[in-house]
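S.K.: Give me the fold of what follows.
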Amino acid sequence: MKTKLVLAALLSALPLGASAQSSLTLYGIIDLGVQWNESGVNRGTSSAPNWQQESVFGIDSGYQSGSRFGVRGSEALGRDWSAVFTLEGGFDASTGTSSQGSRLFGRQAWAGLRQDRLGTVALGRIATSSSGTGAFDLWSPVDPFNAGWGLATLGSTFIPTAGLREDNSIIWASPTWAGLKLALQYSANVDLGESAPQGTNTSAWNIGANWAWGPLFLAATYDVISYADAGSGRPGSGNPDQKMLQLGGTFDFKFVKLHGAWASQSNISTEVTVTGIGNGLPTAVVPTGIGYYDNNAWMLGVTVPLLGGNLRGSYQYSDAKNIINGLAQFEPDYYVWGLGYDYPFSRRTNMYVGYAQREWDGRVTQSNGAALTQASQIFDRRQFAIGLRHLF
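M.R.: Numbering: from 1, shown residues only. Take a look at the predicted model:
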């Protein structure tokens, strides 16, 4: 009798009918560690700046991976169609505050339809295929640090990989066809709600592809940010289209994986206030009257299996074209190198240790013709971190 009751209880707990075709998953990452950071601090005044290198130890969140929580779900609709959605918010685990401008679901918030052979169409706030993050990412395997690890991230020189997310988006993402994946995205306004007329919005379109074949992985992405019309009041308004091409790949020899990437980035806005389209430049470096610039960037890196974990390293260089505006000149060349090691304690928990630094290699002449001699103090940065990451 007891056996029958146990069997009946188990059967009653099994999903039946339509509910068996639905799923809802709560997930997240908590990443916390100790960091040491050294960067430029203005110890003077606006009229007489006195930049110095200063350092600080602290408990910080999101070094290897941004701390986050999310919920994803799907419902089968029949004929291989499903309704799908993802809501994901970033947070600072050291303070409990929200990230991405204090948005509740700032990392991604979208819903759509998926068909096994045709792919997914979704609408909402969506991370681009070039961003190194999100449900439709096609690029992060190119980076030995998977678009994370603080200053060592490929996003230090490859602008979209710094987590490019776009509001008001529609995306089509293919399934895998013989190792090939594709994505096409359009945003009516990349930051917050649209306004009339249409020219007052900063729109974007994005395409991406990757292909995996045995030990070889290749990826390409192209992003175009079309800034709002001049006089609209939007950040970057009146600037020409910002265009960013990324090409990269890896080859896995098993005992070592090689990584390489190159980017062509033109008309990069020097205004960092547009959510998700930062350029990594301290505003104190940019001379008055320089609204945008061009650069190329490249990266070489390795991942080496070692003692049950992974040793990672990369070297990046951002090579800018000198912009001349009257007496002002702006050539933000710099390099970034980083090393890191992660060791898994289990499938869900690992420790990490990493070090990276950024060094100024360019030149700045202010609008009065005087050279900015403290550019290195302003821009140079060093970072060390050791911590723990837990996935749930």
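
S.K.: So which residue is dead centre in this structure?
M.R.: In the chain, the residue lying closest to the centroid (C-alpha atoms, centre = their mean) is Gly163, at 2.1 Å.

S.K.: Tell me which stretches of the stretch 201-350 of the chain form strands.
M.R.: 203-213, 216-226, 242-252, 257-269, 292-306, 309-320, 323-325, 328-331, 334-344, 349-360 (DSSP state E, counting those that start in this stretch).

S.K.: Would you reformat these as a markdown table and include mean neighbour count and distance to Phe85?
M.R.: Glycine gets a C-beta too; all of them are placed from N, C-alpha and C. Converted to a markdown table, the strands of the stretch 201-350 of the chain look like this (neighbours: other C-beta atoms under 10 Å; distance: least, C-beta to C-beta, whole Å):
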| stretch | mean neighbour count | distance to Phe85 |
| --- | --- | --- |
| strand 203-213 | 20 | 21 |
| strand 216-226 | 20 | 24 |
| strand 242-252 | 20 | 28 |
| strand 257-269 | 19 | 32 |
| strand 292-306 | 18 | 33 |
| strand 309-320 | 20 | 33 |
| strand 323-325 | 15 | 43 |
| strand 328-331 | 20 | 43 |
| strand 334-344 | 19 | 30 |
| strand 349-360 | 19 | 28 |
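
S.K.: Distance to Pro175 for the ones you listed - can I get that in JSON lines?
M.R.: Shown next, in JSON lines, are the strands of the stretch 201-350 of the chain (distance: least, C-beta to C-beta, whole Å):
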{"stretch": "strand 203-213", "distance to Pro175": "13"}
{"stretch": "strand 216-226", "distance to Pro175": "17"}
{"stretch": "strand 242-252", "distance to Pro175": "21"}
{"stretch": "strand 257-269", "distance to Pro175": "25"}
{"stretch": "strand 292-306", "distance to Pro175": "27"}
{"stretch": "strand 309-320", "distance to Pro175": "29"}
{"stretch": "strand 323-325", "distance to Pro175": "43"}
{"stretch": "strand 328-331", "distance to Pro175": "44"}
{"stretch": "strand 334-344", "distance to Pro175": "29"}
{"stretch": "strand 349-360", "distance to Pro175": "30"}
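
S.K.: closest one to Gln115 among those strands?
M.R.: Among those, the nearest to Gln115 by C-beta to C-beta is strand 203-213 (19.4 Å).

S.K.: Show me what the closest one pairs with in its sheet, parallel or antiparallel.
M.R.: strand 180-187 (antiparallel), strand 216-226 (antiparallel) (DSSP bridges).

S.K.: returning to what we had before: how confident was the prediction at the residue nearest to the centre of the chain?
M.R.: For Gly163, the model assigns a pLDDT of 94.

S.K.: who's in contact with the nearest residue to Tyr186 once chain neighbours are set aside?
M.R.: Closest residue to Tyr186 apart from its sequence neighbours, by C-beta to C-beta, 6 or more residues apart in numbering: Trp205 at 4.8 Å. Neighbouring residues of Trp205 by C-beta atoms under 8 Å, 6 or more residues apart in numbering: Leu184, Gln185, Tyr186, Ser187, Asp223, Val224, Ser226.

S.K.: what about this structure, any weak spots by pLDDT?
M.R.: For the chain, applying pLDDT under 70 flags the ranges 1-20, 46-47, 272-276.

S.K.: Mind jotting down where the helices sit in it?
M.R.: All helices of the chain, identified by DSSP state H, fall at 2-13, 375-379.

S.K.: Turn the strands paired with strand 203-213 into a markdown table, including distance to Thr95.
M.R.: Formatted as a markdown table, those follow (distance: least, C-beta to C-beta, whole Å):
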| stretch | distance to Thr95 |
| --- | --- |
| strand 180-187 | 30 |
| strand 216-226 | 31 |
